[in-house]
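Undergrad: Please work out how this folds:
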Amino acid sequence: MVILFAHSVRTAIKGGTMGKSVKEENAKGACRRDISVMYNFRDEIPGIVDTIVALHDQDDRFCHISPEPPPSRMLVNEIIRRGMRILYPGYFSETCMDEVNMRYYLGQEIIEFYQLLSEQIIAAIRHDCVRYDLVCTNCDERGQRIALQFLKDISNLQAVLAKDIIAAHEGDPASKYYDEIIFSYPGLFAITVYRMAHNLLEQGVPLIPRIMTEYAHNITGIDIHPGVHIGESFFIDHGTGVVIGETTTIGDRVRIYQGVTLGALSLSKEEVERLRNKKRHPTIEDDVIIYSNATILGGNTVIGARSVIGGNVWITESVPPDTTVFLKKPELVITGKAK
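TA: Numbering: from 1, shown residues only. Alright, predicted model coming up:
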């Protein structure tokens, strides 16, 4: 019996219960060592924080330490999402909207939108006032007045956007119906955000309009500066890589394709300062079509009405109305059969 018991103990130690306990103890010891190492590393963090704080106001770095915070990028993005629900009732709603609940739903949505928009406008105005030591313009009253005016302009925005949607449908045979364009076309989303942002910029709102259009840029790959002036029935097909600079003017019924750049000529540092807030980007007149990857540069460059600009062209001079511009067809070289 003693021999059998001893044999059972040895068996347990080698591969059974007692062996398992030893492994658990070793594992616990490893965990304790890991925790100790972690705390050794963490001990260095206060010194790193002290260094960052001590150097935060040096000329070779940027920070924003102020009693008046800038507007929240996260909340500005939320303004865009809520604005889409108001501009396109029923399309992006979180609940089903019908004739019975429409007034209630839109009423609640607009009140919350107004509150959020006015708060962010006030934050933007007050931020600039304090940070740049500007003359007081009654931030609260001004912010609420601008937000209310934006709400009054919604009907006009809806009418203009409806023409953009129709232009997209008429210009793209792949679109089956308007709903498809509203739900899924990146060009329409970028144009919608631009028209919202442009309205706010025209009312003198700082910072927020650029945050809005850069959000659309991030989502769609379409970069439209809020300062651009765009007419009715505007259509961006596909859209990826489109760039439309700040002082560009675009007429009615213009259609552009992916990769198009309406930009400024490269400038020296001195010229940049001289031309800041002046016309630097082209003018596109009514009924122009610009195909993919065309580049049109310069504030004195005018593309005349009803012109067609072919793909991959580089233009820095004006084009008369009713003109077609295209690259001469390159010569294809075909050698032998593929192996």
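Undergrad: use CA for all of it now, contacts and neighbours both
TA: OK.
Undergrad: Do a quick rundown of the strands in this protein.
TA: If you assign secondary structure with DSSP state E, the strands in the chain sit at 223-224, 229-230, 235-237, 243-244, 249-250, 255-257, 261-263, 283-284, 289-290, 295-297, 302-303, 308-309, 314-315, 324-325.
Undergrad: would JSON lines of those with mean pLDDT, distance to Phe189 and mean neighbour count be doable?
TA: Shown next, in JSON lines, are the strands of the chain (pLDDT from 0 to 100; distance: least, Cα to Cα, whole Å; neighbours: other Cα atoms under 10 Å):
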{"stretch": "strand 223-224", "mean pLDDT": "98", "distance to Phe189": "11", "mean neighbour count": "24"}
{"stretch": "strand 229-230", "mean pLDDT": "98", "distance to Phe189": "15", "mean neighbour count": "18"}
{"stretch": "strand 235-237", "mean pLDDT": "98", "distance to Phe189": "10", "mean neighbour count": "24"}
{"stretch": "strand 243-244", "mean pLDDT": "98", "distance to Phe189": "15", "mean neighbour count": "22"}
{"stretch": "strand 249-250", "mean pLDDT": "98", "distance to Phe189": "18", "mean neighbour count": "22"}
{"stretch": "strand 255-257", "mean pLDDT": "98", "distance to Phe189": "15", "mean neighbour count": "22"}
{"stretch": "strand 261-263", "mean pLDDT": "98", "distance to Phe189": "19", "mean neighbour count": "23"}
{"stretch": "strand 283-284", "mean pLDDT": "98", "distance to Phe189": "21", "mean neighbour count": "26"}
{"stretch": "strand 289-290", "mean pLDDT": "98", "distance to Phe189": "20", "mean neighbour count": "24"}
{"stretch": "strand 295-297", "mean pLDDT": "98", "distance to Phe189": "23", "mean neighbour count": "25"}
{"stretch": "strand 302-303", "mean pLDDT": "98", "distance to Phe189": "26", "mean neighbour count": "24"}
{"stretch": "strand 308-309", "mean pLDDT": "98", "distance to Phe189": "24", "mean neighbour count": "23"}
{"stretch": "strand 314-315", "mean pLDDT": "98", "distance to Phe189": "28", "mean neighbour count": "18"}
{"stretch": "strand 324-325", "mean pLDDT": "98", "distance to Phe189": "29", "mean neighbour count": "14"}
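Undergrad: With distance to Ala147 as added columns, please give these in a markdown table.
TA: Converted to a markdown table, these look like this (distance: least, Cα to Cα, whole Å):
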| stretch | distance to Ala147 |
| --- | --- |
| strand 223-224 | 22 |
| strand 229-230 | 21 |
| strand 235-237 | 28 |
| strand 243-244 | 26 |
| strand 249-250 | 26 |
| strand 255-257 | 31 |
| strand 261-263 | 31 |
| strand 283-284 | 30 |
| strand 289-290 | 35 |
| strand 295-297 | 35 |
| strand 302-303 | 35 |
| strand 308-309 | 39 |
| strand 314-315 | 40 |
| strand 324-325 | 44 |
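Undergrad: Stretch 165-174: which residues count as buried?
TA: Neighbour counts using 16 or more other Cα atoms under 10 Å place 165-169 of stretch 165-174 among the buried residues.
Undergrad: How about stretch 130-140?
TA: Neighbour counts over stretch 130-140 (16+ other Cα under 10 Å) mark Cys139 as buried.
Undergrad: for stretch 184-195, same thing?
TA: Judged by neighbour count (16+ other Cα under 10 Å), stretch 184-195 contains these buried residues: 185-195.
Undergrad: Pick out the residue closest to the middle of this structure.
TA: The geometric centre of the chain, computed from its C-alpha atoms, lies nearest to Tyr215 (Cα atoms, centre = their mean), at 1.5 Å.
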